[in-house]
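1. got a sequence here, can you model it:
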Amino acid sequence: MISLSSFAEKTIELQTFYTNEWHTETPRILPADGLPKLIASQHEQNFDLWHEEDKARDPLASNATIAQVKRNIDAHNQCRNDLITEIDIWLAEHQLAEFQNEALPWNSETIGSIIDRLSIASLKVFHMLEQTERKDVTADHVTECKAKLARLTVQQQDLGTSMQHFMNEIVDGKKQNKLYRQFKMYNDPMLNPKIYSNKT
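-> Residues are numbered from 1 along each chain as shown. Take a look at the predicted model:
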């Protein structure tokens with residue numbers, strides 16, 4: 001369980017740890033259960049999605065490779081969004097259940113959605129840091145990437161601060177944890193016309 005009073009800090013720490021771990025040859029071992037497992041699993045989808053996106057932009061990739069990568073991206077996106085909802089449901093049913101008050105105002109996005117954005121921010125910070133350490137580029141490239149890294153780090157910290165503020169408002173009875181669900185239509189055979197219209 002992640003303490004609500006340090007929720008953002010611990011979330012960023014977890015995502016940063018796995019971002020670093022998974023860029024090595026170390027086997028992937030996720031937390032055993034609960035919210036840490038859900039957050040790590042959701043981050044894993046973003047991690048794999050990031051690297052599939054890289055493959056899609058390879059100028060030497062064949063059409064067949066790009067088509068397969070596109071399907072992989074769709075699958076990761078579906079899992080990614082499903083896990084956002086699972087995080088929100090877990091919070092609603094466990095750590096935030098006692099604070100639920102439907103009479104209170106709500107936020108424009110859920111805790112799960114912010115965790116997703118923090119996950120992507122973690123990947124951006126890691127890969128921009130990589131650019132600052134390259135030896136095959138000009139000094140100007142390194143300088144520019146260091147400036148970008150500084151901005152990305154601030155964005156990550158600001159987003160974490162915003163999420164913690166929202167969490168504190170829920171606990172203090174100022175906001176409600178309104179549960180939204182990720183209705184993604186493109187992979188649903190009953191909602192995507194390109195799928196259901198081709199059924200025989």
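2. rest of the way, CA atoms for contacts and neighbours
-> Will do.
3. same for the helix ranked longest in the chain, what does it pack against?
-> As assigned by DSSP state H, the longest helix anywhere in the chain is helix 139-171. Here helix 139-171 touches helix 7-22, helix 111-132, going by 3 or more C-alpha pairs under 8 Å, 6 or more residues apart in numbering; DSSP states H and E.
4. and the pLDDT at the most centrally placed residue in the chain?
-> Geometric centre of the chain, nearest residue: residue 116, 2.7 Å, by C-alpha atoms, centre = their mean. The model reports residue 116 with a pLDDT of 98.
5. ditto for residue 183
-> Listed pLDDT for residue 183 reads 66.
6. could you give the number of residues near residue 130?
-> 14 (other C-alpha atoms under 10 Å).
7. most neighbours per residue, which of the helices and strands packed on helix 139-171?
-> When the helices and strands packed on helix 139-171 are scored by mean count of other C-alpha atoms under 10 Å, the highest mean neighbour count falls to helix 111-132 (a mean of 20).
8. angle of it against helix 139-171?
-> 160 degrees (axes from the mean of the first three to the mean of the last three C-alpha atoms, to 10 degrees).
9. list of residues touching helix 111-132?
-> 11-12, 15-16, 19-20, 39, 42-43, 46-47, 50, 84-85, 87-88, 141-143, 145-146, 148-149, 152-153, 155-156, 159-160, 163, 167 (C-alpha atoms under 8 Å, 6 or more residues apart in numbering).
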